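K.L.:
I need the structure of the sequence given here:
(4 chains)
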There are 2 protein chains.
Amino acid sequence: MTRPNMKVYEARARIIKALAHPSRLLMLDLLQEGERCVCELTERVGADQSTVSRHLAVLKNTGLVEDRKEGVMVYYRLRCKCLRGFFNCIEAVLKDNLKVQAEALAL
Amino acid sequence: MTRPNMKVYEARARIIKALAHPSRLLMLDLLQEGERCVCELTERVGADQSTVSRHLAVLKNTGLVEDRKEGVMVYYRLRCKCLRGFFNCIEAVLKDNLKVQAEALAL
DNA sequence: TGCATTCATGGTAATATAGCCATGAATACA
DNA sequence: TGTATTCATGGCTATATTACCATGAATGCA
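P.N.:
Numbers count the residues shown, from 1 in each chain, chains lettered A, B, ... in the order given. Next up, the predicted model:
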């Protein structure tokens, strides 16, 4: 590594890695509509409750979501408002990939 | 999984996962300035040439970069112009995390 | 043709990730 | 107090990821 700012890339990668899972993306999508308790997210995701809890811990540890306890329930909500632009980029890549595939088939 | 569009989240996750590595982030950063051969990227990243080659294959397989062969060299370049907005989001999360830490220390 | 350079890939080992089950901790409520 | 509900965590296994070394394929040049 010639460049000295590897720490920056590692910090970015940690956050991106937290986003790099289908279930977590789904949960973030649901949370864009407002806070949700673990039990609802568990039902939506369709995985074991312990699995969902760990996914939420990953998102929380990277600062993407925060939680609030109310009685026996725990409600999670987004901490960042920038996800929209983030996913726009991902969608652009996906669309372009489709275009490339279509072109390849048309040859 | 209650929602039927899990495929969409899986597709997104595949792309995000390709972004979720410090070395690959560094390479994308370098490629924003223009195309680079594998040998130069290898030197900048400071890993084994075979390792860098595999990283580039990951980026290529997800449609994030494309390559061009010229003699014995292979030049890689970005395929997406949207990475800026993407990283703006990541940086926003990082900055906010720092703010939270600072506030915690100030208590 | 022989040799050097560049890049990709097979093989392998170490580590990380993700899933579920079982269980523990905290709260609410009868 | 006893019981049920919600959520987090320890334990474990299976799979994926990452790294390096060694080597193969392709090209350029003497």
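
K.L.:
what segments of chain A are strands?
P.N.:
A:36-37, A:65-70, A:73-78 (DSSP state E).

K.L.:
avg pLDDT for the second one?
P.N.:
With pLDDT averaged residue by residue, strand A:65-70 scores 96.

K.L.:
and that strand with DNA strand D, contact?
P.N.:
Yes - for strand A:65-70, a contact with DNA strand D is found by C-beta under 7 Å from any atom of the strand, at residue A:67. Where C-beta positions appear, they are placed from N, C-alpha and C, glycine not excepted.

K.L.:
now that strand, how far from the centre of its chain.
P.N.:
Relative to its parent chain, strand A:65-70 has a centroid offset of 17 Å by C-alpha atoms, centre = their mean, to the nearest Å.

K.L.:
so which elements touch that strand?
P.N.:
helix A:49-61, strand A:73-78 (3 or more C-beta pairs under 8 Å, 6 or more residues apart in numbering or on different chains; DSSP states H and E).

K.L.:
what comes up buried for it?
P.N.:
Buried residues in strand A:65-70, counted by 16 or more other C-beta atoms under 10 Å in any protein chain shown: A:65, A:67.

K.L.:
walk me through which strands that strand pairs with, and which way each runs.
P.N.:
Under the criterion DSSP bridges, strand A:65-70 sits next to strand A:73-78 (antiparallel) in its sheet.

K.L.:
hang on, the earlier thing: tell me which of the strands of chain A sits nearest to residue B:51.
P.N.:
strand A:65-70 (33.1 Å; C-beta to C-beta).

K.L.:
show me the contact partners of that closest one.
P.N.:
A:28, A:31, A:35, A:56, A:59-60, A:74-79 (C-beta atoms under 8 Å, 6 or more residues apart in numbering or on different chains).

K.L.:
now with 6 Å?
P.N.:
With contact meaning C-beta atoms under 6 Å, 6 or more residues apart in numbering or on different chains, strand A:65-70 is reached by A:59, A:74-76, A:78-79.

K.L.:
thanks a lot, catch you later.
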